[in-house]
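J.: Okay, structure incoming, though there's no sequence with it:
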C-alpha cells in the first residue's frame with residue numbers, strides 16, 4: 001500500500017473544526033492564534049465548511065469552503081485556505097483535496113469554483129493552474145478607517 005492509498009479526505013464536523021487551527025496558523029503566521037480561533041468561531045454561523053486530509057489519523061491538509069450565489073456566475077463554491085503540511089507538499093495531497101471539493105461542487109450543482117490567492121504565492125499559482133484554474137479578474141481591497 002502506498003502513501004496515497006492511506007490518505008482519507010472528509011468533511012469535518014462542527015466539533016472538529018478547531019482541529020484545523022494548527023495548519024491555518026502555519027498559513028497565516030502574522031495573525032495571532034487567538035485571533036484565528038475567534039475568526040473561525042465567527043465564520044461557523046455563516047455556513048463555513050472545511051475538509052481535511054488525514055494520513056494514519058494525522059491531519060495533513062485542510063481546505064475551507066462556502067457556497068454562494070452571485071449575479072455574474074450563479075451558484076458557486078468559494079474555496080478558502082488550502083493548506084498542506086509543509087513537509088508533505090508535492091505529494092498529491094492538495095490535488096486530492098481539490099478533487100474532493102470539485103466533486104462536492106458538482107454534487108451541490110455549483111456552476112464554478114472560485115478562490116483567492118495572494119499575488120506573491122507563485123507556488124500556489126502553479127498548483128492552481130495545474131488544477132485547471134485561470135485568473136479572470138482582480139480582487140480589490142480597502143481598509144476601513146477606524
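T.: Perfect, I can see it now. Everything numeric in this text was worked out from a predicted model, so none of it was measured.
J.: what about stretch 55-63, average pLDDT?
T.: The average pLDDT for stretch 55-63 rounds to 96.
J.: Please enumerate residues in contact with that stretch?
T.: Stretch 55-63 is contacted from outside by 3, 6-9, 19-20, 22-24, 50-54, 79-85, 88, 93-94, 97-98, 101, using C-beta atoms under 8 Å, 6 or more residues apart in numbering. C-beta here means a position set from N, CA and C on the backbone, and glycine is covered the same way.
J.: next one: the biggest strand by length in the chain to chain centre, how far?
T.: If you go by DSSP state E, the chain has its longest strand at strand 58-70. With C-alpha atoms, centre = their mean, to the nearest Å as the basis, strand 58-70 stands 4 Å off its chain's centre.
J.: what's the answer for stretch 56-72, then?
T.: Taking the mean of its C-alpha atoms, stretch 56-72 sits 4 Å from the chain's own mean (C-alpha atoms, centre = their mean).
J.: Report the separation between residue 137 and residue 126.
T.: Counting by C-beta to C-beta, to the nearest Å, the gap from residue 137 to residue 126 is 19 Å.
J.: residues contacting residue 105?
T.: 76, 77, 112, 113.
J.: Looking at those, which is nearest residue 40?
T.: residue 77 (18.9 Å; C-beta to C-beta).
J.: host element of the closest one?
T.: In the assignment (DSSP states H and E), residue 77 maps to strand 74-84.
J.: From what I see, residue 66 and residue 47 are in contact.
T.: Yes - contact criterion C-beta atoms under 8 Å: residue 66 and residue 47 qualify, at 6.0 Å.
J.: More neighbours: the two, which one.
T.: residue 66 (14 against 10; other C-beta atoms under 10 Å).
J.: Skipping its backbone neighbours, what lies nearest that one in space?
T.: Leaving aside its sequence neighbours, residue 66 sits nearest to residue 78 (C-beta to C-beta, 6 or more residues apart in numbering; 4.8 Å).
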